[in-house]
Structures are given as structure tokens and as C-alpha cells.
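Student: sequence below, structure please.
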Amino acid sequence: MSDTTPPVPPLPEQPAADAARATPAGASATAAGPSSGAAGADPDDTGVPTTLGGDPADIGRGFFSALFDLSFRTFITRRLASVFYLVGLIAIGIGVIFYFVGGLVNGIGALWFNPGAGISLIVATIVLVPILGLLAIITLRFIIEGIVALIAIAENTERTAENTRGSSA
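Tutor: Have a look, this model is predicted:
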């Protein structure tokens, strides 16, 4: 066996924190531009804007101005999640009541012609409709939680990106 060690990559000239502090105060990642080759240039050169552009006060702006925000920088999904859930619960409740009453009425009607089928329909309605209603509520909750989680990930990623950029102060 040979006694050779793999080559060690060279260390950078300075730590990343020192390099970030050494960036001129007036220069930002967008001001230098991705192709300028300046020290403050966007390191990933993706062309994605590095700032939101606008006031921090825009975060708390009204619902309708966020609704008609054509840049999609303000998410309204988290604000409306509880409304969608409530509407979904009401729709599921109406469906459960409709199918429960309909199943019982059809089961009672079937008792006159075929007692076995009528009893089976009544029992199936009493057992299956509440179970399916509960499964519908669980599915609705999963879907809304998944969408809200995706929006939260997007917001947190945006916040993380803002905090990891070099400060201009």
C-alpha cells in the first residue's frame, strides 16, 4: 500500500464573512449586475431579482391590493386557508346530510319491495356515509395544509435569501 494522501483543495483568500464585510457599502448584488464581475455581483448569476423592490410596509398591505398584485410577491393563500377550510367543511357537511337522508329514504322505500335490500341499504348508509365524510374532511385538511406549507416554505426561503445577502449598511 502506498502512503500517498489525496490532494487538499486550496483555502480561499479570506473567510466568507470577511468578504461580505469588505463589500463596499453602496454596492449591492443588483447594483453591480451579474455580468459585471464586481465583488458584489450575484454569485449564482441566475438572473433572479435579488430584492423584492418596494417598501417593507407592503408586507401588511390590504387584501385587495395583494389580490391584484401582478408580480405575485404577496401570498394570499395563507390568509384564505381558513376560509377555504370552512367552506369545504360546510360543503362536506351538506353532502353527508344529503347522502345520509337520501340513503335512509331509499332504504325505507326498498323495505316494501325487498326487505333484505332495504335493511342492507340502511345499514350501509349509517356506516359508510359518516366514514366517507370523515375521510373527506381529513383529505381536505391534508390538501389545505400541504398548500399552506408550500407557501410557508416559499416565504421562509425568500426571507432566508434576504438575510443571506450582503448587508448594504
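Student: how near is Ser65 to Ile76?
Tutor: Look at Ser65 and Ile76: by C-beta to C-beta, to the nearest Å, they are 10 Å apart. Quick note: C-beta positions are derived from backbone N, CA and C, even for glycine.
Student: more neighbours: these two, which one.
Tutor: Set Ser65 next to Ile76 and count neighbours by other C-beta atoms under 10 Å: Ile76 wins out with 14 against 10.
Student: the more buried one touches Phe68, doesn't it?
Tutor: No: using C-beta atoms under 8 Å, Ile76 is not in contact with Phe68; the gap is 10.3 Å.
Student: show me what contacts Ala154?
Tutor: Phe75 (C-beta atoms under 8 Å, 6 or more residues apart in numbering).
Student: begin at 17 from now on, thanks
Tutor: That works, and once the first residue is 17, the last one we named lands at Ala170.
Student: which element is it on?
Tutor: helix 131-180 (DSSP states H and E).
Student: average pLDDT across that helix?
Tutor: In this model, helix 131-180 has an average pLDDT of 92.
Student: please name every helix or strand in contact with the host helix or strand of Ala107.
Tutor: Per DSSP H and E, Ala107 falls inside helix 93-127. Helix 93-127 sits against helix 131-180, with contacts defined as 3 or more C-beta pairs under 8 Å, 6 or more residues apart in numbering; DSSP states H and E.
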